[in-house]
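K.L.:
what would the 3D arrangement of this be:
(one chain, ligands or ions: 2)
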Amino acid sequence: MAASSSSFCHKNALSLSTPSNNHTKLTSRDSSLRFPPSISFNAPRFRVSLLSKSNRNLILKASATSAAPAMDQITSSSSSSEVPTSVEVDLGNRSYPIYIGSGLLDQPQLLQKHVHGKQVLIVTNTTIAPLYLEKTIWALTDGNPNIKVESVILPDGEQFKNMETLMKVFDKAIESRLDRRCTFVALGGGVIGDMCGYAAASYLRGVNFIQIPTTVMAQVDSSVGGKTGINHRLGKNLIGAFYQPQCVLIDTDTLNTLPDRELASGLAEVIKYGLIRDAEFFEWQEKNMEALLARDPIAFAYAIKRSCENKAEVVSLDEKESGLRATLNLGHTFGHAIETGLGYGQWLHGEAVAAGTVMAVDMSYRLGWIDDSLVQRANKILKLANLPTTPPETMTIDMFKSVMAVDKKVADGLLRLILLKGPLGNCVFTGEYDRQALEDTLRAFCKS
Ligand SMILES: NC(=O)c1ccc[n+]([C@@H]2O[C@H](COP(=O)([O-])OP(=O)(O)OC[C@H]3O[C@@H](n4cnc5c(N)ncnc54)[C@H](O)[C@@H]3O)[C@@H](O)[C@H]2O)c1
Ligand SMILES: [Zn+2]
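P.N.:
Ligands and ions are numbered 1, 2, ... in the order given. Take a look at the predicted model:
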């Protein structure tokens, strides 16, 4: 125990811990009507049979069932095949493909086959527009002269993910007389994707929608699964809708212009998949984190694909978040408190999630649900990814508690959390935990 605690940068975390075999008494109950008090989730059931040749030009032979590190199984090819890697989100008649590959924005037909009608509205921001707007317009219009493309360029930043900015999208759509057959295209990171998706869900009560994510965060997580929305001053993503896109087009070349800090932020979500449900993927990340930070395209293509497969499977099983899907929010309850408490845009979403993950892992350990080696591995990989492992010093216990009280996972006044339980790759979503463990975690990470 002493040896392990020295590897952490937060104060006292492990010295306060309960022994790992001490299953503390339950002082609360889960009050949700829709699912049992706590739900355990094991390692994924899916097995990847992929993959096809992707454009420029990876052949991903990796199988999630293989114990061997996947990087060893990924080879380059000089084939000029135009078939991208594709992961399907299986939602019955609302199923859609996620295309993953280098140079996909150079393949107009890929995008165009998912456009409905003859009017398109691209929603992007002031940073992304100079980089990719022209190319996206070309991809939409090349060989397709009848299409009319409008664009709206929003201010850049989480602090603009609000009702006022959303109105600019509606203003443009109405001024351009876009009708029900139009298509909205989200070109950008998670902020643009969430806002454009919500605008598409509500414009004329719902129009066609395509995601072109350009950050790691958006490519591995936010563009997939149909959660859309905006922030409220009192809490993150409190206003929104489930609304699925027609397709997600991930051109991995767009990551070349992404700042390092943003790249690391997205890795927090990649790490999350490993911790909650995919031990093999976590082990792969432990071996390949340097390659990811160095933007190795083959490593990235694999990490994106594997993340999308995890997300697609969870979403297919639980689209509207009755239980399983909530596990994708490991670290997010603490993380959202950091984002809201500090003011939107101060810490990046992934940075807040990273610190929040360490707190959730710490709490899981205090409850005796995981062993010390897992605590260390989680801390180590987040540090390797250049992510914070403690909340900002200005965060107080009261700040955490007040934001956590309005978290979407509160049901009948009871806060449910995603906590790790068992070996790597297993977690629970539960309101049944000793409240003292939460208190102790908050106390260990906050000065006051
Ligand atoms: N809907 C979901 O399921 C879900 C999941 C995770 C996160 N989110 C949301 O996603 C948001 C965070 O997303 P994000 O991390 O992508 O942040 P972001 O959208 O703010 O993008 C990060 C920054 O990178 C810039 N950028 C984007 N692509 C670029 C590129 N290719 N080159 C250079 N700069 C580029 C953006 O303009 C921005 O400044 C949060 O609002 C979070 O709540 C939603
Ligand atoms: Zn997230």
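K.L.:
what ranges do the helices span in the stretch 251-400 of the chain?
P.N.:
With DSSP state H, counting those that start in this stretch as the criterion, the stretch 251-400 of the chain has helices at 260-277, 279-293, 297-317, 332-342, 349-366, 372-384, 397-404.
K.L.:
how about a markdown table for those, with mean pLDDT, distance to residue 238 and mean neighbour count added?
P.N.:
Glycine gets a C-beta too; all of them are placed from N, C-alpha and C. Formatted as a markdown table, those follow (pLDDT from 0 to 100; distance: least, CB to CB, whole Å; neighbours: other CB atoms under 10 Å):
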| stretch | mean pLDDT | distance to residue 238 | mean neighbour count |
| --- | --- | --- | --- |
| helix 260-277 | 98 | 20 | 25 |
| helix 279-293 | 98 | 31 | 19 |
| helix 297-317 | 96 | 21 | 23 |
| helix 332-342 | 93 | 10 | 25 |
| helix 349-366 | 98 | 15 | 28 |
| helix 372-384 | 98 | 27 | 20 |
| helix 397-404 | 93 | 11 | 18 |
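K.L.:
got TSV for those helices, with distance to ligand 1 too?
P.N.:
Output for the helices of the stretch 251-400 of the chain, formatted as TSV (distance: least, CB to the nearest ligand atom, whole Å):
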stretch	distance to ligand 1
helix 260-277	5
helix 279-293	16
helix 297-317	8
helix 332-342	8
helix 349-366	4
helix 372-384	16
helix 397-404	14
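K.L.:
residues of the stretch 151-300 of the chain that sit close to ligand 1?
P.N.:
156, 158, 161, 188-192, 194, 214-215, 217-218, 221-222, 225, 227, 236-237, 254, 257-258, 262, 265 (CB under 6 Å from any ligand atom).
K.L.:
could you rerun that using 8 Å?
P.N.:
Proximity of the stretch 151-300 of the chain to ligand 1 (CB under 8 Å from any ligand atom) is limited to residues 156-158, 161, 188-194, 197, 213-218, 221-229, 231, 236-237, 254-259, 262, 265-266, 269.
K.L.:
now do the SS call for residue 229.
P.N.:
strand (DSSP: H, G, I helix; E, B strand; the rest coil).
K.L.:
ok, it - how many residues close by?
P.N.:
Using other CB atoms under 10 Å, residue 229 is surrounded by 20 other residues.
K.L.:
OK, contacts around it?
P.N.:
Applying CB atoms under 8 Å, 6 or more residues apart in numbering, we find residue 229 in contact with 194, 197-198, 237-241.
K.L.:
out of those, which end up buried?
P.N.:
Neighbour-count burial (16 or more other CB atoms under 10 Å) applied to the contacts of residue 229 gives 194, 197-198, 237-238, 240.
K.L.:
OK, contacts around the residue most central in space within the chain?
P.N.:
Centroid-nearest residue in the chain: residue 221, 3.1 Å away (criterion: CA atoms, centre = their mean). Shown in contact with residue 221 (CB under 8 Å, 6+ apart): 190, 266, 269, 307, 311, 328.
K.L.:
surely the second one meets residue 220?
P.N.:
Okay, so that is residue 266. Yes: contact criterion CB atoms under 8 Å: residue 266 and residue 220 qualify, at 5.9 Å.
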